[in-house]
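Novice: When you get a sec, could you give me coordinates for this:
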Amino acid sequence: MSPVRTALGRLVAALLLAVAVVSVPLPASAATEVESYIVDATIAADGGLRVRATITPDGGAGEVVQRFATTLPTSDAREFQFTLEDVRATRGGADAGARVTRDGGYEVVAIPVDGAEPVVLEYTVRGAAIATEDTTTVTWRLLQGLNLPVRSFEATVAVPAPFTMIDCAAGPPGAPGACGWYSGGTHENPVPTFNDGPRGAGEVVQVMVRFPAGTVASDQQVVQRWSLDRAFSLAPLPAAIAAGIAALGLVGLYLVRRRFRAAEVADPTPTLVGTFRPAGAGYSAFEVSDGIRPGQVGTLVDESVDPVDITATLLDLAVRGHLLIRELPHRSTYARADWEFERRFSDDPLRPYERTLLDAVAPADGSVRCSNLGACVAEVLPEVRSQLYDDVVERGWFSRRPDAVRSVMTRVGWVLLALAIVVALLLIAFTSFGGAALVLVALAGGFGLMAQEAPTRTKAGSGLHAGLGLLRGHLLTQPVEEMPPGHAVEELSKVLPFAVVLGGADRWLDGLAATDRDNTSDETELDWYHGPEGWHLADLPDSLRNFVTTVEGSLLQR
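Specialist: All right, here's what the predicted structure looks like:
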């Protein structure tokens with residue numbers, strides 16, 4: 001091929017490429033700036049603010065997005081809320097295709113733009129007219145949340161009545177400064193006018209016009225925001241209400257407690273329960289009134305059947321001849337002690353709860369070891385307790401079973417506490433009466449605790465309860481060496497179950513040990529307690545202390 005033809009071909013190819021490049025449309029540049037943001041606003045007499053903003057982009061394509069804040073928190077736990085109505089955007093009189101969405105506390109308006117043709121954004125603001133004591137202030141950020149910088153900003157605000165002050169702030173949303181310039185109410189500029197710019201993307205221009213009270217209505221929308229200081233306000237009214245509720249509640253608790261204790265107050269005369277009657281010169285014998293049992297005494301004292309009451313009943317059954325407690329030989333010097341129970345037969349009458357307990361720990365066809373006491377008593381323990389509660393009611397010491405009264409009052413206490421907590425949460429969440437809420441919870445809790453002591457003692461029971469105080473005094477002070485000669489062990493043994501319940505058991509155990517005046521072993525000296533080989537009566541205090549501790553521990557586990 002000749003050089004001429006080759007050069008000609010290359011020239012044709014270059015021309016075709018140039019035509020192709022020219023014929024392909026170049027992508028439009030994105031909008032980077034708003035040339036001007038011009039606002040014509042009108043304040044209505046009802047407080048509404050109508051805004052018409054003409055937005056002129058720099059000629060690029062894309063979207064102009066404006067985010068309007070619909071909340072304004074204040075420093076006093078309040079929040080002003082704003083509502084945008086009738087939002088629309090036009091271009092050349094036609095709909096501009098704006099999208100209006102909600103994003104948390106913002107109303108977001110996105111307007112597509114293509115070229116330098118202006119778009120007009122119109123909306124009405126409700127909530128911008130804020131009332132003070134003698135004025136109404138209309139304030140709004142006419143420029144805010146724009147995604148593009150603004151070269152120049154202008155605004156005029158038509159007003160329905162004479163105003164007393166105008167102001168303008170511009171800059172970053174968190175700390176705006178002064179606007180470029182603004183004026184109004186003068187001969188040259190009777191209408192409030194505001195000018196500023198340039199402003200960066202997201203910066204604000206906030207205008208304010210203040211009117212005398214009564215010329216422009218307030219349409220503010222105020223919401224109280226939750227805060228710890230607000231919920232537990234120490235202002236005079238919340239503090240006074242909390243103090244009043246506390247005072248009334250304490251008086252109410254006092255009256256309820258007084259009602260609970262009315263029976264005791266009604267008959268303060270003590271009834272004789274047990275005493276030490278003279279039995280010769282310088283000697284006394286223990287005597288119990290009306291066949292009262294130590295388990296009944298323990299229930300009357302605290303209105304509850306406790307492990308100590310069951311333990312004292314076991315000792316009493318042994319002392320009265322129904323039961324033999326046998327301490328087993330120790331496997332080693334440091335091994336834990338163990339006991340077994342053996343049934344004995346006596347003509348002494350049994351109460352129903354005593355018979356149930358006796359059948360469980362010492363059945364007629366076998367024996368039970370103390371180490372297995374919890375297991376063998378577990379099935380009958382609820383029945384023993386129930387029978388003992390019935391027993392003290394049957395004897396006329398209680399008008400109703402103490403456990404039933406306590407159960408009802410406890411349920412009432414829990415219901416009151418639950419209601420108090422619900423009310424307290426509502427008060428703390430929505431009001432400034434948190435102090436009163438805490439008082440309500442405390443009073444409900446106090447009622448619940450007091451309900452545990454709600455008695456149903458009759459006059460007879462109250463008198464007997466007072467008499468137990470006298471008996472306890474005797475048990476703590478009566479000389480243990482004044483028991484009748486020849487009957488000291490028997491009389492000391494009769495005292496012991498009551499001392500276990502009321503106090504002073506150690507001194508009576510020591511009194512029993514003191515009767516051991518020889519060196520011979522006493523494994524079977526007592527007819528109700530037998531020790532292992534080599535056991536002495538002087539060892540009884542330690543043996544019974546271990547017994548009481550072991551039995552109560554076994555029962556507590558149940």
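Novice: make it CA atoms for all contacts and neighbour counts henceforth
Specialist: OK.
Novice: Which parts of the stretch 251-400 of the chain are strands?
Specialist: Counting by DSSP state E, counting those that start in this stretch, one finds strands in the stretch 251-400 of the chain at the ranges 274-278, 284-288, 323-327, 339-343, 368-369.
Novice: what about the shortest one, distance to the chain center?
Specialist: Between the centre of strand 368-369 and the centre of its host chain there is 47 Å, according to CA atoms, centre = their mean, to the nearest Å.
Novice: Give me the contact list for it.
Specialist: Contacts to strand 368-369, defined as CA atoms under 8 Å, 6 or more residues apart in numbering, come from residues Asp338, Trp339, Glu340, Phe341, Glu342, Val361, Ala362, Cys376.
Novice: avg pLDDT for it?
Specialist: Summarised as a single mean, pLDDT over strand 368-369 is 78.
Novice: Can you list the strands that that strand pairs with?
Specialist: Using DSSP bridges, the strands paired with strand 368-369 are strand 339-343 (antiparallel).
Novice: go on, the second one?
Specialist: In the sheet containing strand 284-288, its partner strands are strand 274-278 (antiparallel), by DSSP bridges.
Novice: what's the closest of the contacts of strand 368-369 to Pro149?
Specialist: For the contacts of strand 368-369, the minimum distance to Pro149 (CA to CA) is 87.8 Å, reached by Cys376.
Novice: in this protein, which residue is closest to the centre?
Specialist: With distances taken as CA atoms, centre = their mean, the residue of the chain nearest its centroid is Ile421 (6.7 Å).
Novice: Which residues are in contact with it?
Specialist: When contacts are counted by CA under 8 Å, 6+ apart, Ile421 touches Ala437, Val441.
Novice: And this structure, what are its domain boundaries?
Specialist: Following automatic domain parsing, one gets these domains for the chain: 34-225, 261-401+456-556.
Novice: would CSV of these with distance to Val439 and mean neighbour count be doable?
Specialist: Rendered in CSV, the data for these read as follows (distance: least, CA to CA, whole Å; neighbours: other CA atoms under 10 Å):
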stretch, distance to Val439, mean neighbour count
domain 34-225, 23, 18
domain 261-401+456-556, 25, 18
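Novice: Make CSV out of those domains and add distance to Leu417.
Specialist: Supplementary listing: the domains of the chain in CSV, determined by distance: least, CA to CA, whole Å:
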stretch, distance to Leu417
domain 34-225, 27
domain 261-401+456-556, 23
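Novice: low-scoring pLDDT stretches of the chain, where are they?
Specialist: 1-29, 75-77, 260-268, 366, 452-455, 557-558 (pLDDT under 70).
Novice: Which helix runs longest in it?
Specialist: Ordering each helix of the chain by length in residues (DSSP state H) puts helix 402-430 first.
Novice: Could you give the separation of that helix from the chain centroid?
Specialist: Relative to its parent chain, helix 402-430 has a centroid offset of 12 Å by CA atoms, centre = their mean.
Novice: now the next helix or strand after it against helix 402-430, angle please.
Specialist: Helices and strands here follow DSSP states H and E; after helix 402-430, the next one along the chain is helix 434-451. Using axes from the mean of the first three to the mean of the last three CA atoms, to 10 degrees, one finds that helix 434-451 and helix 402-430 are set 170 degrees apart in direction.
Novice: helices or strands up against the helix or strand just after helix 434-451?
Specialist: The element immediately downstream of helix 434-451 (helix or strand, assigned by DSSP H and E) is helix 459-477. If you count contacts as 3 or more CA pairs under 8 Å, 6 or more residues apart in numbering; DSSP states H and E, helix 459-477 packs onto helix 262-266, strand 274-278, helix 294-302, helix 488-502.
Novice: How about Ala155, nearest residue that isn't a chain neighbour?
Specialist: For Ala155, ignoring the flanking residues on the chain, the nearest one in space by CA to CA, 6 or more residues apart in numbering is Val39 at 4.4 Å.
Novice: likewise Glu327?
Specialist: Trp339 (4.4 Å).
Novice: cool, Pro278 as well?
Specialist: Spatially, and ignoring its direct neighbours in sequence, Pro278 is nearest to Ser284 (4.5 Å; CA to CA, 6+ apart).
Novice: I'd assumed Arg277 was in contact with the one you found.
Specialist: Yes. Taking CA atoms under 8 Å as the contact criterion, Ser284 and Arg277 are neighbours in contact, 5.3 Å apart.
Novice: sorry, back to before: now render the strands of the stretch 251-400 of the chain as JSON lines, adding distance to Val405.
Specialist: Output for the strands of the stretch 251-400 of the chain, formatted as JSON lines (distance: least, CA to CA, whole Å):
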{"stretch": "strand 274-278", "distance to Val405": "28"}
{"stretch": "strand 284-288", "distance to Val405": "29"}
{"stretch": "strand 323-327", "distance to Val405": "34"}
{"stretch": "strand 339-343", "distance to Val405": "35"}
{"stretch": "strand 368-369", "distance to Val405": "35"}
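Novice: between the ones you listed, which gets nearest to Val441?
Specialist: Of all the strands of the stretch 251-400 of the chain, the one in closest proximity to Val441, counting by CA to CA, is strand 274-278 (44.5 Å).
Novice: Just the C-alphas of that closest one, formatted as CSV.
Specialist: What follows is strand 274-278 as a C-alpha-only set of coordinates in CSV (Å, rounded to 0.1, in the frame of the first residue of the first chain):
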residue,chain,number,x,y,z
GLY,A,274,-45.9,-21.5,135.6
THR,A,275,-44.4,-20.8,139.0
PHE,A,276,-42.1,-22.3,141.6
ARG,A,277,-44.3,-23.3,144.6
PRO,A,278,-42.8,-23.9,148.1
